[in-house]
Structures are given as C-alpha cells and as structure tokens.
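Novice: here is my input, please return the structure:
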Amino acid sequence: MTVYNVLMHPVDAPDGASPANAASLAEAIESRSTVEFADIANATLYRYVFIDLLDLLDPAYASDPSRVLEIVYSTRPLDDALVLLGAEYLLIAHLAVVLGVLFAFGIATLATRPIRRVIVDVERIAAGDLDHPLSEAGSAELGVLRESIDRMTARLREQLVTVRASEQRVREQNEALERRIHERTRELDEANEEAHLYIDIISHDLGAALGPALSCTGSLADELDEPGRARAEQIGESIRQCMQIIECVAWVDRYRTCERPLEEIELDRSIHDGIARHPDLRVHYNGTIERVLADGFLPEVFANLLGDVWRYGGSGVNCRIRVEPHNGEVLVSLEGDGPGFPDREKGRIFVRPDRARTAADRPGLGLSIAGALVRRYGGRIWADDRAESGYARGTVIRITLPRRALDAGSAA
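Specialist: Numbers count the residues shown, from 1 in each chain. Here you go, the predicted model:
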C-alpha cells in the first residue's frame, strides 16, 4: 500500500516513488471517490481509496489535506508458487514412474528367470543336443513343464535311433543297388559290344559276300533260258532285299549310338539325297525352299520310304513328292501308284514290326525307321489311299515336320 496526497505525491515514501497507475490516481482525486483498475495481463488489481480530510479541518485552512490510499492486489506470486508446486509434483510423478518401471523390471526378471533358463535349455535341445539336462524348476508348473520336455526328449531319442537305423538300412540298400546297377551296366556294355560285333559281321562280311553273289546272279541270268532267267532274277531280288535289310540294321545301330541335336535343315537337299539312293525309281519332284527342324538323318526318311515304294510296287512304279505349308508346319506327301496298304495295316506300318507276325505279313524296316525319325523330330506320319476307290490304286504317305520360320529378309 502507498499513500498519496492530492498533488499525487507519495507520503512517507522514498523520493521518486510514483503511482502504479497515474490515470486512476488522478481520477480518484478528481472524483474524490474510490477508483479501481484491473491489469488482467499481469493478474493485478489497483484500488485507489480517496480519504476526504477536508471536512475535518477549519474551512479557512489553505490546503487540502485529503489522502489517496493505493492498494495493489496481485495473484502473480500465488501463480508462480502454483507453477513451481506443479513442476515439483510432475517431477515426483516422473520419478515415481521410473522407479516403478525399474521395480517392475526387477520383479519380472526375478519371476521369469526360471522360464528363461527353460527356454535356453529347450533351444539347446532343439539344436540337436538331446542329452542336455534341464535346469531345476522353480515352481510346480515349471516342474510339470520340465517333466513333459523330458518325456518328449526321450521319445525324440528313441525316434532318432530308429531313423538312424533306417538310414543305415537305406544306405546299405543303395550301395547294393549301385553295385547291381554297375554290374548290369557292365553287362549291358558287354552286350552292346557283342551286338556291335554281330552288326559289323553282318554289314561287312555278309555284305561283302552278298555283293559278288548278286553280280554272279546277274551274269548267270544272261546265260540261262527264259525260265532259268526268271529264277535267277528272283534270286537276285532276294539278295538285294537281304542287302537292304543289312543296310537298315547298320543304320539302326548308327542311329542308336549317335545322338544328334535338332537343327535347321534344308528339306530340298534331304529329299534329293533320298531320291539319289534309288536311281531306278521314277520320282517326280519340283523342289522346295522350306527349312525344317531335324538332323542329318532326315535323308534316311525319304530313302526308306522310296525304298518301300520300290519294294512293293516294283521298278515300274511312279512316285510323286509334293511339299506345302500346313498349319504352321511343312507337309510332305509321297504318292505312289503301286499297290497300297489295306486299312488294317495303315495304323501299324510305321511302328516297330511285331515279331509274332509272319514275314510276309510284316511291313519292311524302312517304314518303322521313317516313323521313328519323324516322331523324334516332333512330326507325324500316316498313310492314306491315293484314290477313293481303295488302296489298290496306290498309297499316299504324308509327313508333317516342324517348320522354322524364315526371317524378314528371306521372306521378302
């Protein structure tokens, strides 16, 4: 509190003191009443109480002795104290939380120590150490868990013994099987070598013997009369068939022992190579620019097919070969006007001959060789009648081969 006179000078106050709100002080002096001013920003209330002393003195008194009492009400100290008290309480709360967490962590660590020991033991057992002992349990529940793990470990040890015994038996069986496979492979190699020897004997020695026999038969036919000449020609034809069979057997041996990768092949050259193998056969062929996916054995397909045409139709048969694109593939049609194949034979002439069938009823090896090669190339082979009247008017053998598309420059 501060006391001011009507001249707004402080009474009994140090020199230089000034009112907190001069305007409110002046208003109180002028109105000779109490004036209040609230400073909300600073949480302060100023009250100026006017004390009228003029009526108590002689009217002739020259000056006004009235006083103004300045009273300042402020909540700032209380607010500061509350803020400080709140900060203290907040610090105490944080400290309590930290202490609680540390206490809870310690309690949890102590409480879970037996469980963690069990986990470590179980991890050791899971890693393969089935003989690892479990730590002593700290409670009845952990004791039950320990007993369960012990029983499980015992069963695992028993199963492991059984599995190891089974592995040993399997290992012994595999070794025995490998020995048998090695023995069978050796026997197969010996059989293959023996088969190659027989094939070499057939293809070289027997072929060398049949060549002069065929030559002598031709010379003998020139010296005989008509009936003898016919018999000599039959003998010569049989010798030629034997030589063709020997050639087929030798080819099968080469094909079986030689794995060639499929590549892009000129179809025209392969057809011409097949035709050149039968110079006595009249073949009409206009050529082609197609290329197919095959290997170096492709000429054998056409050589064997033409050989069977000559075999069944004789030297007077006419043959025509046509090549055309068909559904993204190449279709080769080989047409002969000699005797064809009945319907019951069309489905089996391009497969391996059945040993149970008679020699007269079996088709030649050439057709089965051609069928095997075409199937290896990913194509198809079948036989149709040349005329609607039936197979007596001839047969058309059709072949499809995978086609290699030409590049843009070649297509242009």
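
Novice: so Gly316 belongs to a helix, correct?
Specialist: No: in this structure, Gly316 is coil, not part of a helix, as judged by DSSP: H, G, I helix; E, B strand; the rest coil.

Novice: using CSV, list the CA coordinates for the longest strand belonging to the chain.
Specialist: As assigned by DSSP state E, the longest strand anywhere in the chain is strand 390-402. Output of strand 390-402 as CSV, limited to C-alpha atoms (Å, rounded to 0.1, in the frame of the first residue of the first chain):
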residue,chain,number,x,y,z
GLY,A,390,-9.4,-98.1,-102.3
TYR,A,391,-5.8,-98.9,-101.6
ALA,A,392,-5.3,-101.0,-104.8
ARG,A,393,-4.8,-97.8,-106.8
GLY,A,394,-1.9,-96.7,-104.6
THR,A,395,-1.0,-95.0,-101.3
VAL,A,396,-0.1,-91.5,-100.2
ILE,A,397,2.3,-91.3,-97.3
ARG,A,398,2.1,-87.9,-95.5
ILE,A,399,4.7,-86.4,-93.2
THR,A,400,4.5,-83.2,-91.1
LEU,A,401,7.7,-81.7,-89.9
PRO,A,402,8.3,-78.6,-87.6
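
Novice: so what touches that strand?
Specialist: 267, 292-294, 301, 305, 326, 329-343, 370, 374, 377-387 (C-beta atoms under 8 Å, 6 or more residues apart in numbering). For the C-beta atoms, the positions are set from N, CA and C on the backbone; glycine is no exception.

Novice: show me the residues you listed that map onto helices.
Specialist: Filtering the contacts of strand 390-402 for membership in helices, criterion DSSP state H, returns Leu267, Val301, Leu305, Asp343, Ala370, Val374.

Novice: pull out the buried members of the contacts of strand 390-402.
Specialist: Taking 16 or more other C-beta atoms under 10 Å as the criterion, what is buried in the contacts of strand 390-402 is 267, 292-294, 301, 305, 329-332, 334-338, 340-341, 370, 374, 377, 379, 381, 383, 385-386.

Novice: domains for this protein, by residue range?
Specialist: Structural domains assigned to the chain are 2-74, 260-411, following automatic domain parsing.

Novice: returning to that earlier point: sheet partners, orientation included, of the longest strand of the chain?
Specialist: Paired neighbours of strand 390-402 in the sheet (DSSP bridges): strand 329-336 (antiparallel), strand 380-387 (antiparallel).

Novice: pick out the shakiest of these, pLDDT-wise.
Specialist: Mean pLDDT across the strands paired with strand 390-402 is lowest at strand 380-387; the value there is a mean of 85.

Novice: about what we covered before: give me the lowest-pLDDT entry from the ones in helices among the contacts of strand 390-402.
Specialist: For these, the least confidently modelled position is Asp343, at 76, judged by pLDDT.

Novice: burial count for Leu306?
Specialist: For Leu306, the tally of surrounding residues (other C-beta atoms under 10 Å) stands at 26.

Novice: contacts only, for it.
Specialist: Leu306 neighbours (C-beta under 8 Å, 6+ apart): Gly274, Ile275, Arg277, His278, Leu281, Val283, Cys319, Leu334.

Novice: distance check, Ala33 against Ser24.
Specialist: If you look again at residue 33, you'll see it is Ser, not Ala. Computed as C-beta to C-beta, to the nearest Å, the Ser33 to Ser24 distance reads 12 Å.

Novice: same check, this time on Lys346
Specialist: Using C-beta to C-beta, one gets 130 Å for the distance from Lys346 to Ser24.

Novice: cool, and Ile107?
Specialist: The gap separating Ile107 from Ser24 is 64 Å, by C-beta to C-beta.

Novice: circling back to that earlier point, format the ones in helices among the contacts of strand 390-402 as JSON lines; extra columns: distance to Ser238.
Specialist: Below are those laid out as JSON lines (distance: C-beta to C-beta, whole Å):
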{"residue": "Leu267", "distance to Ser238": "34"}
{"residue": "Val301", "distance to Ser238": "26"}
{"residue": "Leu305", "distance to Ser238": "22"}
{"residue": "Asp343", "distance to Ser238": "29"}
{"residue": "Ala370", "distance to Ser238": "23"}
{"residue": "Val374", "distance to Ser238": "29"}
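
Novice: circling back: could you redo the strands paired with strand 390-402 as JSON lines and give each row distance to Arg47?
Specialist: As requested, these are arranged in JSON lines below (distance: least, C-beta to C-beta, whole Å):
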{"stretch": "strand 329-336", "distance to Arg47": "116"}
{"stretch": "strand 380-387", "distance to Arg47": "120"}
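
Novice: quick one: closest of those strands to Tyr4.
Specialist: With C-beta to C-beta as the measure, strand 329-336 is the member of the strands paired with strand 390-402 nearest Tyr4 (123.2 Å).
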